Each structure stands twice: as C-alpha cells, then as structure tokens.
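Engineer: Turn this into a structure:
(4 chains, ligands or ions: 4)
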Amino acid sequence: MPAKSLLQAIHEGLAEEMRADESVMVLGEDVGHAGGVFRVTQGLQDEFGPERVMDTPLAESLIVGAAIGLSVNGMRPVAEIQFADFIPPAFDQIVNEAARFYYRSNGAWNVPITVRVPYGVVPGGALYHSQSVEAWFCNTPGLKVVAPSFPADAKGMLKSAVRDPNPVLFFEHKKAYRLIKEEIPEDDYSVPLDRAKVHRQGGDITVVSYGMTLHQVLEAAARISEEHGVEAEVVEPMSLYPLDRETILEAARKTGKFLVVSEANLTGSVSGEIAALVAREAFEWLDAPVMRLGAPDTPAAPFARPMMDFFVPSPEKIESAMLELARY
Amino acid sequence: MPAKSLLQAIHEGLAEEMRADESVMVLGEDVGHAGGVFRVTQGLQDEFGPERVMDTPLAESLIVGAAIGLSVNGMRPVAEIQFADFIPPAFDQIVNEAARFYYRSNGAWNVPITVRVPYGVVPGGALYHSQSVEAWFCNTPGLKVVAPSFPADAKGMLKSAVRDPNPVLFFEHKKAYRLIKEEIPEDDYSVPLDRAKVHRQGGDITVVSYGMTLHQVLEAAARISEEHGVEAEVVEPMSLYPLDRETILEAARKTGKFLVVSEANLTGSVSGEIAALVAREAFEWLDAPVMRLGAPDTPAAPFARPMMDFFVPSPEKIESAMLELARY
Amino acid sequence: MDVKEARARHEELGLGDDDLLRMYETMLLARRVDERMWILNRQGKAAFVISCQGHEGVQVAAAYNLRPGYDYVYPYYRDFGITTVLGQTPRDHFLSLLARKEDPNSGGRQMPGHFSSRKLNIVTSSAPVGVQYPQATGTALAFKVRGEDGVVLVTGGEASTSQGDWHEAMNFAGIHDLPVIFLIENNVYAISVPENLQVAGSIAGRAAGYGFPGHEVDGNDVLAVYETVKEAVGRARRGEGPTLVEARTYRLTAHSSDDDDRRYRERDEVENWRKKDPIVRYEHYLEEAGLLDEETKEEIEERVREQVAEASDYAEQAPLADPEEALGRVYAEV
Amino acid sequence: MDVKEARARHEELGLGDDDLLRMYETMLLARRVDERMWILNRQGKAAFVISCQGHEGVQVAAAYNLRPGYDYVYPYYRDFGITTVLGQTPRDHFLSLLARKEDPNSGGRQMPGHFSSRKLNIVTSSAPVGVQYPQATGTALAFKVRGEDGVVLVTGGEASTSQGDWHEAMNFAGIHDLPVIFLIENNVYAISVPENLQVAGSIAGRAAGYGFPGHEVDGNDVLAVYETVKEAVGRARRGEGPTLVEARTYRLTAHSSDDDDRRYRERDEVENWRKKDPIVRYEHYLEEAGLLDEETKEEIEERVREQVAEASDYAEQAPLADPEEALGRVYAEV
Ligand SMILES: Cc1ncc(C[n+]2csc(CCOP(=O)(O)OP(=O)(O)O)c2C)c(N)n1
Ligand SMILES: Cc1ncc(C[n+]2csc(CCOP(=O)(O)OP(=O)(O)O)c2C)c(N)n1
Ligand SMILES: [Mg+2]
Ligand SMILES: [Mg+2]
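Structural biologist: Ligands and ions are numbered 1, 2, ... in the order given. Model prediction:
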C-alpha cells in the first residue's frame, strides 16, 4: 500500500464514487479544467466531462442551492466551497434549507448532498483563507458535520458522505492536504460518519482534537510519554455534529482528566460543546477541570507570520496544556 | 413610572436615540409606514421621515451591508431583521464584514451599527418564525451579541448599542414583546452591554438563563422556594458574546450547583460555552455536574400546537431540572 | 365580441372547452378553499392563513401547462392554485391549515402554504423568501444532464426578486440554458412595502441582461398567462433555455391573517382591483364564448362548495399531530 | 492622426497635458510596483502577490475623476492603480506586501491588495468577493440623506457580479437613485473560470433592467474609460443616480502568485492581449498628441524606478508586525 496524502485520498474517494455511480457530480469554483485551487478535483473533468464536473459561477449560495435541487432530482452532488471563509453566502441554503428538507416535509424529501469545505490556518492565508468555521454549523439538527484528519479515514468518510441520504458538511484541513500522509487500503472501503476514533490509548489524560492540532496532539503525546511518562488517550471526534458521545465519554471517564484542543477561536467553538458534555456526563469521574485550548478570541490568523504563529495553538502550547492537565 | 412592555421599551429607546442624534437611522423590511410587523418602529417614519426610517427591499444581506456602508460614512444605523430565522442571508455581512472591519483595518474603520433581531418561539410561528439562532454569532470576535429579557434593561441596552462603536446584534424575544412588562425609569439612562445581572439571590443552586426561559426560571425559583425551600441564584447573561465571565462564575462558585436554561436547540447552543466556562473555572466549587436544559436537537418549533409545546422547555421541565440539581 | 371571435382565442392556444371549464373550476376551488380558511381563522380554529386570492388566474393558467409528477415545481406560499392543478386536494389544504397529523405537506410541522408532495414533484417549500430559485436551477440541471425533457416551474412574489438568490439563479439558468421557468407573481406589495420601494426598473426587463426572454403579462388575464407560460414551457422542453414571466396581479386580502393591510393600502385601491378579479373576468370570457351560463355556473359552484365543506369537516375531525412527532424524521436513515 | 486631431480627444474631456502625463506616470508606477512585487515573491520575501497588470488603464482613468478624501472608494484586490491615484504610495504597497508593522492597510493582518485608508476614504476591503456592493450603496445613501454631493466608486471583477450581493446593491441603488458608480473590471477570467461560464448575457446590459445606464467600454483605452466614468461621476454628483460601467480588459499575470494560469489559458491568448497593453496603447496616444518623446519617457521611467526601489528597500528594512499585535484592536473602545 503506497502512502497517500490527505489530498490524494479525498481525490481518490471522489473519483471512485463517480465511477461507481453515474449520479455523483462535482460542482464548484475552478473545480473543472483547473482541478480546483488545491487540485483535489484534478483530472476529474477530463474523465467525467464538463457536466458532471462543473465550474460554477462565483456564487456560493447558488452552488449549495443548485446541489440541493440536483439532489431532489436524482443526483448526488458534491459541492466544493473554495475556502471555508467563503461559506457564509451559502449559510441559508445549508442551515435553513438542506438541513430541514427532510424534517419539514415529514420525511418526503431528503437532500443527499456533500459540501466539501477546506478550512484552517495556512501560512499566508490571513484573515480570509484561514478560518475554522465549523461551530457555525454545529447547532443545526438535520446536518451532519464531519472533519476527518487522516487520509484513510477521509477517503472512507467521503464515500460514506456521498452515499448518505442527508446533507453532509465535509471539512478538510488545508494544511494537512499535502503534509499528512499514510497508507491507504486498496479495496473499496468506507468509514462511518458517526464514530469517533481512539488514536492512542493512555491512562493519564484524555485529549480530544481534530484537524492540524490533532496531529500536533499526537506528536506531543509521544513526546510527553517519553519525556515525562505521561500517557495520553487521544480521541478524534471524526464527526463534530452529531457527536459520538459514548466514545468521548468513555475516554473521559477512563482518565478523569480531559482536554479539548482545536484551532478555532476558543469561545463558542465546538470545544465548548464537547467540554460541556464531559462536564455533565463524566462529572463523577473528573479529577481536574475540563480544559480547553484554542485560538484566542481575535478574528482569525493574521497575514504577518509572527502574528500568525502567535495566533495558532502551537506545539509548545499544546504540550504544556497536556502537562498542566496531567499534573493537576 | 408606568409599566411598559418590552416592545414599548425598545420603541422608546429607538425614538429617543433618534431624537438625540440625527445620524441615527432605522432600516429594514416594513419598518416604515407600517411600523414593522411587530410594531416596534410604529410612528417613527411619521416623526423622522422616510429617509431616516427606511423600508428596504426584501434583502437581508443588503440591509446589513448598507448599514455598514452608512456607518462608515457618519451614520448610526439600526437595522431590523424581520425574524431571526431570516438572518442567514446577512451572515456574511455580519460575521465576515461588520465584525472584522476594525481588526482588519488595524483600527482605522469601525462599524457602529445595531442589528435588531426578533427571535424565539411563538405559537403559530413554526419552523421559520421561531428559531433561537444566537449561537451562530457567538464564535465571532469583533461582534457583540446581547439578549436582554426585561423592558428596562432592553431600553438601556439598546441605547448603549446605538452609541457603541462596534457592531451589536440585539436579540429580542418575540413572545416577551407584549407579555413582559415592568416600570421603566423616566430619565435618560443607559445599561452597559457587558454586565450580567443577578436577578435573584440564593444559596442552593445557580441558574443562568435568558429570553422567555429566564422569566420561567424566575417563576420556578419563586415556586421552589415556597414549596421546597430551595433558593436559586438566577443570573441573566445580558451579553451572550462576549460573556461577563466574572458574574457568572461568582454565582456558580457561590452555590456549587449550576444549570443553564435556554430555548435553543441544546447541542451547540450558547449554553455549552457557559457550561464549559463554569466546568473549567469553578471546578473546585462544584458539588454537581454542570447541567443544561434546552430544546431537543430537532430543527425548530413545529406549527402544530402539541408538537410545539413538546418542543420548548416547559415550566414543568424547568422546575424539575432545578429540583433535580438542588437534590443532586 | 361574438361567440366565434371569443372562442378563437382559446382554440388557437389548443385549449378545448373542457380545459377551459376545468381551469375555471380549479380557480374557483382555490378561491373557496381560501375563503373557508379565513372563516376557520376567525372561528379560532386556524392559527394562520395566507391567501392566494387574486392570484388564481396566474397560478392555474401557469400550472395547466405542466406534467404533474414529471415536471418539478417550486411553489411559494400563495400557490394554492398551482398545487391544486397539480393534484393537491382541498382536504390536503385543510389538513395542513389545521396542522393535522395527516397534513401531506409536513405532518403539521410547517405553516399552511408550505407545500410539498413527493408524488407530485412539488418540492418542499419554506418561509425564507428566494431560496427556491437556486434549488430550481439545480433540479433543471439534473434534467439537462440526463437528457430528459422535464421542466421546472419556480415561483415567487415580486419581492423575492430582491434577494441575491434570485439573481444567482437567473445567471446560472442563462449560462446553461436550463429548462426552468421563473414565474413572478407581482402583486405590487411585499407585506406593506410597495413595488416602487422594492423593484428598480422592471423585473421582466431584466431577463434580457441574462440573455433569455422575459415577458410581462397581465396576471388577471387567464388566457394571456396560459399563452405566455405555454411558450416558456415549450422552449424549456425543447432545450432552448429559461424564460422569465412577470405576471402582474394584486393581493385581494391582507398579507396574512397576522397582517392588517389598512395600515398601508387605501381601500379605494383594493376596491379598484377587486373589479379586475381574475375569476370574474374569466367568467365573462367563458360566458362570451358560450361555455358558461347561470346554470352551469351554479352547478360548478355547488360542486366546489360541497368539496370544500366536506374537506374542511374532514380536516376538523382529523387527529392533531402527536406531540412526540416533534422529535421524528430529523435525519433520513442510511 | 495628426497631433491636433489626437489632442482634440483629451481636450474635449477637459484634460490638460499635465493630467495626461500624471495619469501616465501613475499607470507606470502601478505597473512597476506590481512587477517588483513578483520579484520579491520569487526571492522568497513576499508570501503572496496579486496583480493589477493589464488593469492599470481602467483603474487610473476611473479614479482620476474622484475627489480623494471626500468621495468614498470600495476597491477590490487588483486596484493598485486606483489607490495610487487616490494617494497611496509605493511605500504603502510594499509595506503591506511584506506584512510590516507600518502597513497602512491592516498593520500586517491582511493579504496585500486589501486596501484601507481612513484619510483617503478607501474603505477597508476583504477577500469575500462581492460584499463591497451593498456597503457602497449604504455609503452613497449617507451622502444622499445629508444632501452632500459625494460619490462612491465601487469596483470588482466580472465574477463578482455573480454574487447575490451585487444584484441587491444594483437594485437598491436604482430604487433610490444613489450616487454610486459600479465599475466592473472584466478581465475574462475568474481564476480559471472563463466569462462564458460566469456571465449570462451581458453585465453592462443588465443596468437597464434596474432603470439606470450601463456602459461597456474598452478598458484598455484610457480616455474612453475616463470619459465614461466622468459622465457617471457627474450624474451621481448631480443626484441623478447610479451608473454601471463594464470595462473590458485582461489580466496579464496569473490570478495570483498561488496560481499557474498555464493550466487554463493558451499562451497565444495571453500574447495577443499583451499587444493591447493599456500602457503601451496610451503611450502611443501621448506620442501622437506630442506629449511624450523618448526623453520624457525615460525621465518618467527613471523617476518611477527610483520611487519603486526606494519604497521596496524601505519596506524590506521596516520592522515586521509584532506577534502580540495579533490580539489587538478587536473591539473599538467606547
Ligand atoms: C428572507 C426573508 N425575509 C423576510 C421574510 C418575511 N416576509 C415573508 S413574506 C414577505 C413579503 C414577500 O413579498 P412578495 O415576495 O412580493 O410576495 P407576496 O407576499 O406579495 O406574494 C416578507 C417580508 C421572509 N419570509 N424571508
Ligand atoms: C465569496 C468568495 N468566493 C470565492 C473566492 C475565491 N476567489 C478569489 S478571487 C476569485 C475570482 C474572482 O474573479 P473576478 O471577480 O473576475 O476578479 P479577477 O480576479 O478576475 O480580477 C475567486 C473565486 C472569494 N475570494 N470569495
Ligand atoms: Mg408581492
Ligand atoms: Mg475576472
């Protein structure tokens, strides 16, 4: 099995679903001939033609709205939002429309669409090519919000998302695209959308994280194991909405010490919901306050590198938060 | 001092600010001659003319966008979104634009706008005239989000919002509009935007709530005091973003038992952030898990009355959650 | 006009006598259902009414061009006439009005006027104004991608054209020659806001900017609407692209049962438009064409009355939606 | 064309010789700043470049009609020409490019091309395409409400017209006859997406649907742009309402330093457009009008070169933004 990047994994997942099912389509800005600004859809238009891989006008509400309309007429569209920062124009179509078709029609109309959303801080991205916007969508019943962080999971979950009868927001960390690689099974597999994953077993502290910070948490976990003998249980939520509460709670109860790390602005982030869940349901097991680490409550990663580095939760900050928790 | 309703209080606050400052304007759908669908702006167009009280086209992004543009050119616009449920088209202008002007221009351009947002469940409102959407905006640094629940506070905070140099989202519970009345000071007063309020002192449990549920919490607090001898400390956040952390934490530490009640879909609501804060910063004082009560994670209040009643946190559910916490 | 002259008009359009009478009966049915809704509202039985009154001509004439269950329709909240042509019954409407468990639109979850029928390809609609337009283009694109000759009818009030979604959809439809008909029911008001504060220039006139035809038509002239939409549907079915139709009409009631239109409309204005009532005007045509006399009229009226009474009674007796149903059907099962 | 004939054109427009040369020098300055930005990028000193190359004619000619610091401008990320006319210096641009603390646009927070100057009434701009249009109408409305004769210039690429915000703003401007000029710099591509997949019909042609004038103009013809925008600004100042100007031009570079335009553009096409370079074309005009000879040209070029070199050096030496500044200025103080 050759090692593949997150980007390649998602590309393959898409291509395979399109080969397997004629109704699967891709639409978005620059996704066609150019293959997307990140090249996730590269080659797909050549293989499937300009109708199944369609460059849309620059209009996010249209992209998601049209995807909804395609899906009610037999298609399985995968829409791309070029950068998470540009999803707000589509907000209405996502939260008021896609998420509510099934409920409001008493189960008559469902909306099997996938919306791919590259997010997260990259150097040079600045205020509008960096945001972690997932919390906006995690108070909306009817929607599924997933954010896999490893290539194999991402491929498997993308396939599940395409096949799922509900609208799925699929968050992809841009910095992980080419940085994170792993071996990917060759066969046609899928990964469920509703299962959190325990990446590392440990008895001292539990850390929940996703996106680039998950990778840093895993590195820090290895370091503090070696250097300080602290063993961290590391859990990736995989789905941010709904949450796999049981897996998260089990890990929290196991160690009694709990930390959530994400790259989003801390206040009002998904970390708050996870922390509240643990504070409620694992209270009797807790030996320390439920802790959180995130970006400060300032708009987003600035352009200037020193400011950007100051803004994101750094490996150092992550490690010291983990040690602080262990020592509590 | 005559008793005034929440609606009257907000109306008066608006009218007084317009009289005091020529740059204050009102814009929105049906706010002019018709005085708004709830009649909050009734009479204002007669007094201030059609340019300062302007009926806009049906276009929420335009309403907020134009308000931003007015504000950078010397005006102090108060925009009305007819129902909270229809704020999504304006999402981009609020979170990506208004909230970021100041930061992104390194302090050169600020956006002194107020956006009034009637929200919450009312009988007959159904899925699209009922939502509690505040959580969408509580992960956005640069924005102020307030939700006063009593007439006098609402009037005073509206004035502060109009005078504030930052964008303020001002949530008004529609069901409270005519239902909630109290005496209002006659003089020109204002209420700060960043102070939570302790409505009731008590040593047994702390309950944080806002909107219609706050009124129900206060009634329940009186009942359980009388019937069960349980004394609740009741805190209204007033500002949902940023939070007045100190006041909330003080109350949490005082009783060691903490409950947040709101009408929003529970998962991902502002209650999660408040609970996470308390779980983190009042851990050593806690005698019970941090509890939350909200609406179930289904889209919004349905039209059929039995379903609606089942959906909203009822006075009975609120009372029993408070007793459960007291008895923990 | 003599009978022959009168008949020439609909015969040219390919409409038979029975078509004409069916359209008439459907218009009347929509009107009577609507009137009954207001009675139920005044009796305290219906929490909310939103009306089609005044729009019946546009709606019935437009929908009469469709193939129900094959073409897709994205109606808006006034389209009782459209959904009735497609096959929704008065019973359906009253079940929805009274939020009964059997409500075919939403099982009591949504306000009346938020139509839905999987069988009839009436796509579930909602309250946020304008969202239907991008969706309709997507549905039309699916037809095009698969090479099918289905068309999509999407409707809205004149204020819905103020939303960005309308424009994004017009542009997309124009770029790809999508088989979609944008039907704007321009009734001069958006709740209280008059057209001159809502629409710059002309709605119909905007289509040219997107490279496809736009027509303004008298929405109270049933045959004129039929003709315009027929042409548009034909164009779409032949793969020639979208059409915008702006039908000018008037809302004869308040915006909804929550509204008091005396705040913003002169009674004179309303009375003037009442004289142009599309149903009355159509009756004149039918009379002139020799298709309607007092007797037939009474017969039809009687049939409609009975249907409405039966449907209303049925709905009143029907069980309410169950409380726990509030929790059901949030996610479709995998 | 003899000299006299040539001169007639700009004299009719009320432009003096010094105006013409000032415009020329500003165009050249914008171009040379831009070229230098790419060099700094290739040297690894600038993380990101976005270009005005090809657009200088439109930008400088349009902005030359404004009163800096009185009128308001909502530029988009390519508008180095516009902001330079208004008074931003090469130093400002390089400080922003290199994310220096002194960056006047954002203090190093935003990407280059996200202009802002309170003094020059350049309203802070951002990346989400299209958001500037509703804002611009609000700013124009403020002028109207106060009875002032200020105007607002708002710009964007052709793809920005695909966003709903553009339409909502056009409609609002049309309803209230707002003093706003919508200037669309149509360079045929939105990153890789060509105009035919972006724009149905014609952008300029859409203004009529909103009841105000729309002009298509050759964006590489400096005087044509100047003339069209002059008329638009005059209209706006006199309270006669908005104008839409679609200036057709071409992007001579890749979309940005992150883009490789060979993926989607034929080299031939680019080379063809290079021949229509607005600066070269304008030079010809100036030569014909007897305003530019080799010597003057060399003089101007030299002055520009020096300015660019000085500014670039200055910015390179200037201190970076401080890390902790990431936390500052989130809220304005009460
Ligand atoms: C996005 C949005 N904003 C506001 C409303 C509230 N609202 C409901 S109908 C309406 C007026 C619509 O007018 P028009 O489109 O002309 O249709 P009409 O009711 O006249 O048929 C308004 C403002 C809404 N439903 N959705
Ligand atoms: C809302 C939004 N969606 C997507 C993008 C990404 N993006 C930046 S520029 C651009 C193309 C813009 O094309 P055009 O408006 O023609 O301007 P040009 O760059 O050609 O001058 C895109 C898709 C964005 N910035 N904002
Ligand atoms: Mg209307
Ligand atoms: Mg372009």
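
Engineer: And the single nearest residue of the stretch 151-300 of chain A relative to chain C, how far from ligand 3?
Structural biologist: Nearest residue of the stretch 151-300 of chain A to chain C, counting by Cβ to the nearest Cβ: A:Pro165, 3.8 Å away. Every residue, glycine included, has its C-beta placed from N, CA and C. Distance, A:Pro165 to ligand 3, using Cβ to the ion, to the nearest Å: 35 Å.

Engineer: Could you double-check that that residue sits in contact with A:Leu193?
Structural biologist: No. Counting by Cβ atoms under 8 Å, A:Pro165 does not reach A:Leu193; the two are 11.4 Å apart.

Engineer: re the thing from before, per-residue confidence at the nearest residue to the residue of the stretch 151-300 of chain A closest to chain C once chain neighbours are set aside?
Structural biologist: Once flanking residues are discounted, A:Pro165 sits nearest to C:Ala332: 3.8 Å by Cβ to Cβ, 6 or more residues apart in numbering or on different chains. As summarised for this prediction, C:Ala332 has a pLDDT of 98.

Engineer: got a list of what C:Ala332 touches?
Structural biologist: Residues near C:Ala332 by Cβ atoms under 8 Å, 6 or more residues apart in numbering or on different chains: A:Tyr102, A:Gly107, A:Asn110, A:Pro112, A:Pro165, A:Asn166.

Engineer: try 6 Å this time
Structural biologist: Contacts for C:Ala332 (Cβ atoms under 6 Å, 6 or more residues apart in numbering or on different chains) come out as A:Tyr102, A:Asn110, A:Pro165, A:Asn166.

Engineer: what separates the third one from C:Thr124, distance-wise?
Structural biologist: Applying Cβ to Cβ, to the nearest Å, one obtains 15 Å for the distance of A:Pro165 from C:Thr124.

Engineer: Look at these two and report which has more neighbours.
Structural biologist: C:Thr124 (28 against 15; other Cβ atoms under 10 Å in any protein chain shown).

Engineer: how about the more buried one, what does it touch?
Structural biologist: A:Phe101, A:Arg104, A:Ser105, A:Trp109, C:Ser116.

Engineer: among the contacts of C:Ala332, which two are most distant?
Structural biologist: A:Tyr102 and A:Pro165 (8.1 Å; Cβ to Cβ).

Engineer: Common neighbours of those two, please.
Structural biologist: A:Asn110, C:Ala332.

Engineer: tell me which element the residue nearest to A:Leu266 when sequence neighbours are not counted falls in.
Structural biologist: Distances taken as Cβ to Cβ, 6+ apart place A:Gly294 nearest to A:Leu266, at 3.4 Å, with adjacent residues excluded. Using DSSP states H and E, A:Gly294 sits in strand A:291-295.

Engineer: Give the pairing partners of that strand; include direction for each.
Structural biologist: If you go by DSSP bridges, strand A:291-295 pairs up with strand A:258-265 (parallel).

Engineer: send the alpha carbons of the strand it pairs with over as CSV?
Structural biologist: This file holds the C-alpha atoms of strand A:258-265, laid out as CSV (Å, rounded to 0.1, in the frame of the first residue of the first chain):
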residue,chain,number,x,y,z
PHE,A,258,-9.9,15.9,29.9
LEU,A,259,-8.7,18.5,27.4
VAL,A,260,-10.1,19.6,24.0
VAL,A,261,-7.8,21.2,21.5
SER,A,262,-8.8,22.9,18.3
GLU,A,263,-7.6,25.7,16.1
ALA,A,264,-10.9,27.6,16.2
ASN,A,265,-11.4,30.8,18.2
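
Engineer: what sits up against that strand?
Structural biologist: For strand A:258-265, the surrounding residues in contact (Cβ under 6 Å, 6+ apart) are A:120, A:132, A:206-209, A:211, A:213, A:217, A:252, A:269, A:271, A:274-275, A:278, A:290-295, A:297, A:318, A:325, B:139, B:141.
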